[in-house]
Structure formats: structure tokens, C-alpha cells
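Visitor: pasting the sequence and the predicted coordinates here, then a few questions.
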There are 2 protein chains.
Amino acid sequence: MSVYTPVSQAELAAWLRNYSVGALRALEPIKSGIENTNYFVTTSQGRYVLTLFERLPAAELPFYLELMAHLARHGIPCPAPIADLANALLGELNGKPAALVTRLPGRSIERPGAHECAELGALLARMHLAGRSYGGYLDNPRGPRWWRVAARDLRPFLDAARSKLLEAELDFQAGQRFPDLPRGPVHADLFRDNALFDDGRLSGVFDFYFAGVDCLLYDVAVCANDWCLADPVADRGLDPGLTRAFLAAYDALRPFSAVERAAWPAMLRAAALRFWLSRMHDLHLPRPGELVHAHDPEHFRLVLERRIAEAPPWIGAP
Amino acid sequence: MSVYTPVSQAELAAWLRNYSVGALRALEPIKSGIENTNYFVTTSQGRYVLTLFERLPAAELPFYLELMAHLARHGIPCPAPIADLANALLGELNGKPAALVTRLPGRSIERPGAHECAELGALLARMHLAGRSYGGYLDNPRGPRWWRVAARDLRPFLDAARSKLLEAELDFQAGQRFPDLPRGPVHADLFRDNALFDDGRLSGVFDFYFAGVDCLLYDVAVCANDWCLADPVADRGLDPGLTRAFLAAYDALRPFSAVERAAWPAMLRAAALRFWLSRMHDLHLPRPGELVHAHDPEHFRLVLERRIAEAPPWIGAP
């Protein structure tokens, strides 16, 4: 349960008078959020999500909201922030920065097949292409700099084997240099539960609050590590069929460069490392007042070990 | 039939590579347009309308497209122009300025009841409120200045009775001064066939290519003259029930001022005059190459005469 800041029907109805979305019909807390307080909001005009930002630095919020507005304006099915009567995307409600965004149709799926992975690949490529004309800038907040800080904080909690794995991987990644990889705004957290399908079509991607500017291939790797597993429990290797369906659909719209192909194995490891670190951080160093049951970090340790051991599938390979 | 500029499947597929809306699935000409060439476009991402601008001055197109983008960003259900990969809303296709906008769900209705008139009133008020933060400016292209030009051009085509009515009404309107009426961007052509209903809900308003900045009450009058007639053929008087449902829903969101109440009868006459003039103009002075069968101007002459004769309904009046 993660409604940190309650909002009453009366409070919201009054607040919505700053918008042109019609009269409030219904308000329903969303319990699955982690970082923010979220409500489903229905008005006479349509369906929205209200987000009260609990922890994100206020200075970074315009980057996220303007990025979503930019992508929506390019036809990407992501939440479109609604501007208020003063034309601002970011407001304030019950003492918290707050935004109203459109609610997308569809449902998340747990076990994507080749069709769903191809839908994701195509949408990710379109999102990356559309993002390149976005003017905002924010470093990926969970990039290499953060890895080193997190690793230092986590050292007391790690046994010898995990310490060794972590140090070795940080060393390996420190030796990787990809100055020529195409860069741009990346979602950076596009797991299956941040995507919606409606009638077989990828109808929405949401939760852009880990977005930043980074290598586009990093976004591809984050997705592959979650969407393309042979079996998320029994076998964390990349399924060749799912991975190729995903990569080929992406490549058809934004062809990968030779440099990206060469960087693929290391990028998959980087994406696994980032989530292993953040999940350990959530588990061992929860923020005060955090109500969330952390995800198991071991999953991403096993993903990382598997990526180190395997030669990951690529498009066209047998 | 009004596809002035044909577009082939191959031409559009190539053009759409400048956008991030997915692959072209279907292309279908829309035959009902008058000013522009329009196609329904379906891609793997969604449903759109492609417009090739045939006559509108290129310098004015950004006003319309940015206005629609502004309103869509405020949650108004209007076509949202899709930006291309260079972040422009206006492109060029087959030698014409062209834009791709979202296609709205729903169907037009011929005989609105009180419920539909109330839906329209609420949406018009929300659109006016949202429009007030729009930075663009364009004079209403069919405002009083244009009336005088059109009346001069039409003089040779009018019989004595019509000439007399026209001169008298231009004189009457020239004596009206409403400097204190609230102003802002108005749609100015929101007839029933420019609105869509889906499941009883007003799901979209479109065709903003007569929009401009004018008195908000003028937009209200244009709507009332089309939506709130007792009978569009037998009795062009304003139906009190429909008119009050429309005005009350508007007033609940943007309360009318006393000045607006006082201006209402004259504004209804101005709105009728504008369409009488433009329909006579389309009939007697068609532009070269115009393929359209003009609407009958007599309807709006009769509306004008009725507005001159009647005391129009207002909110709360018996």
C-alpha cells in the first residue's frame, strides 16, 4: 500500500477547477506505486491518473513531465500530462507537487511471447526516435556514478561471494567505454509491469520517473533482461526467439549500429547490475517511512551471472 | 468529393517515416471536406487524420495546429497534431502543407436533445477556459471586416428584399460595441457535424480551420444557432429547453457576465449574418476549381430574420 498522502473527493474536486477536464466522478487509490502517491481519477471528460510526488527532487519533475508531453505529442502511447488553466503541467496538492496525466487502456501481461516482444521492440524504437528532438536533459539517475555510491553503501551487507561478484563487475564495467553509442532520453525501467496491452497491441508505457539521458542501447538491455527471459524463475538466460523478435522489431525502425552490436553483451550486464544494486539498496537501506516490500535482489544477481556466462542472442544469429 | 490532392499508399508510407506512429496499415479518402484534402490513416499505432491544406494561407496554419495542440494538452477532446521527428507539427506532402492529427472516436448526431446540448455547453466552456492561456493570435477571419467585404461583393446577386435586410443588419451590427466581452480563441464553426458523440458523451470536436480570436460569446451564439433550433426546417426559432440546457451547462463552468447577457440577442444575429454571408459567397462567388455543392444560404437568412424578430431564451428565464 503506497498512498502516502491522502486526497479526499472534495479536495480533488476543488483542485480540478484549475483544469479543463470536467467534473470529478470517481477517485480510487492505486496501491501498487512505490515512489509516489497515485490515484485513478474519472471525470465527465475521461480517465486520468493523479500523481503526488513524494520523493523525487522537485527540480527534476519538469524533465519527466515535459518528456511525457513530448512523446505523447509524437504519438507515443504514454501518459500525457494535462496542463492546468495557467498552462502548467506541474501543480501542487495537499502540500505535494502533483500532476494529472491521461490513463491508458489495457493490462500488463506476465508472460510475453514473441508477438508482445516485437510490439515492445517497435514501440521502444519509435520512442527513442521521437525522444531525440526532446530538449530536456537529466543524467540517468541510476547510471555508473550511482552504481559506485550504492556499492560503497552496500559493502557491509554483502557476503564474500557477492562482494567479489560486485567488485569484479564494477571493474569490468569501468573498462567499458562507449562514446559512440547513440544517446537520448531513455525510459530505463520499462519492465513488463510498466507496459499495457489491449487486444494484442501494446497500448501504453508508463512510469517515466527513472528516465534520463543515456545510451539508447541501455534501454534495450533493460527491456531484454525482463521481457526476454527463457523462464523468469527456472532459467534466466535470454530466450533466443523472444530476444530476436524484440531486437528485430526495434532494428526495423532504428537499425542498430556495429558499435551497438559490439556493446550488447556488456550492456546487458550493466542493466542487470543496476537493478541488482537498486534492489539490494531498497532491501538493506530502505528510506525512512518506506512502506514497500522490496523486490528480491537475488533475481538480478542470477541474471547478472547468467549474462556474464552466456553469449547473448543477437538478430540474425542462429 | 473533395480529395483535391491524391496521396498513394506508397507516398504516405514513405512520408510517415518522418513520424513515430508505426507502420501504415490503411488509407481512406474522406469525401466530406470542403477546404482541405483529408484522409483517414490507420497505422500499427493508432487512427489518424491526414490533412493536406489546399487554400488556407500557410502563415496561418501554425495558429490552428498549435491551438489544437494546446487544447489537447489541456484535455480537450480535439484532434491532437502529431509532431514529426524534427518536432514540427506542419509538414509537406505532394507539394501541399500537411499535418497528421489524431482521429477521435464517435459519430455526429443530427438532432441533439437537451442532454447533447448540455454536453456541448460544458465542453465549449472548458475549451474557452483552456484557450485563454494560448499564446497565438489570429483575428476571426470571418469577423465584421470580412462581412463588409463580402456584402460589397454580393450586392449584384441580391434582390431588393435581401439587399435591404443585409444593409439593415450591417447597420445594426455596426452600432453594437462590446469592448468588455471576454475574448479568446474561438472555434467559430462548431456545428453539429463538427462534433462527435460516443455512448452519449461528447467525444470530440474538430475542424478548427475557421478558428480565431474573438468574443467567447460569439462561439456560444454560433453553436446555439445550429444546435438549439426548435426545428431546423419548420421553425428556426431557438427552442427554450435546448437553449437553456446548453447555456446553463456553459454557465456552470464559465459564468456569463451581465455584459454577455445584454449582448446575447445581437450576438445571435451576428452569428446568423456571418453564415448567411459566407453561404451566399460560396454560392455566387465560388473559388476556381471548387467542387463543393454549396449549402443553401436561405436557411441562415431565415435564422437571421427569426433572431431579429424573437426575444431569444436565456438561462433562468421562464
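Guide: Ah, there it is.

Visitor: okay, CA-based contacts and neighbour counts for the rest of this
Guide: Will do.

Visitor: close to chain B: what parts of the stretch 51-200 of chain A are there?
Guide: A:69, A:73-76, A:80-87, A:122-123, A:126-127, A:129-130, A:132-133 (Cα under 8 Å from any Cα of the partner chain).

Visitor: again, 6 Å this time
Guide: A:R73, A:H74, A:G75, A:I82, A:A83, A:L85, A:R126, A:A130 (Cα under 6 Å from any Cα of the partner chain).

Visitor: between all of these, which two are separated the most?
Guide: Of all pairs drawn from these, the widest gap by Cα to Cα lies between A:L85 and A:R126 and measures 30.8 Å.

Visitor: can you map out the helices along chain A?
Guide: Taking DSSP state H, the helices of chain A run over residues A:9-15, A:61-73, A:114-131, A:144-154, A:160-174, A:216-227, A:240-253, A:258-284, A:298-309.

Visitor: in TSV: those, plus distance to A:Q45 and mean neighbour count.
Guide: Compiled in TSV, the helices of chain A are given as follows (distance: least, Cα to Cα, whole Å; neighbours: other Cα atoms under 10 Å in any protein chain shown):
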stretch	distance to A:Q45	mean neighbour count
helix A:9-15	14	14
helix A:61-73	18	22
helix A:114-131	27	24
helix A:144-154	42	15
helix A:160-174	49	14
helix A:216-227	34	24
helix A:240-253	35	22
helix A:258-284	38	20
helix A:298-309	42	19
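
Visitor: of all the ones you listed, which one is nearest B:H299?
Guide: Proximity of those to B:H299 was assessed by Cα to Cα; the nearest stretch is helix A:61-73, lying at 40.0 Å.

Visitor: and A:F63, how far from B:A249?
Guide: Here A:F63 is placed at a distance of 37 Å from B:A249 (Cα to Cα, to the nearest Å).

Visitor: so what's the residue of the stretch 101-250 of chain A found nearest chain B up against?
Guide: Ranking the residues of the stretch 101-250 of chain A by distance to chain B (Cα to the nearest Cα) places A:R126 first, at 5.0 Å. By Cα atoms under 6 Å, 6 or more residues apart in numbering or on different chains, the contact set of A:R126 is B:S20.

Visitor: what pLDDT does it get?
Guide: pLDDT for A:R126: 97.

Visitor: likewise A:R55?
Guide: Model confidence at A:R55, given as pLDDT, is 86.

Visitor: what is the neighbour count of it?
Guide: Burial of A:R55, expressed as a neighbour count using other Cα atoms under 10 Å in any protein chain shown, amounts to 11.

Visitor: look up phi and psi at the closest residue to it other than its chain neighbours.
Guide: The shortest distance from A:R55 to any residue that is not its chain neighbour, by Cα to Cα, 6 or more residues apart in numbering or on different chains, is 6.6 Å, and that residue is A:E35. The phi/psi pair for A:E35 (degrees, to the nearest 10) reads phi -90, psi -30.

Visitor: same check on the one 10 residues further on?
Guide: Backbone dihedrals for A:Q45, given as degrees, to the nearest 10, come out at phi -90, psi -40.

Visitor: can you pull up the most central residue in chain A?
Guide: With distances taken as Cα atoms, centre = their mean, chain A has A:D189 as the residue nearest its mean C-alpha position (2.0 Å).

Visitor: next, give phi and psi for that residue.
Guide: Per degrees, to the nearest 10, the residue geometry at A:D189, taken as phi and psi, is phi -150, psi 40.
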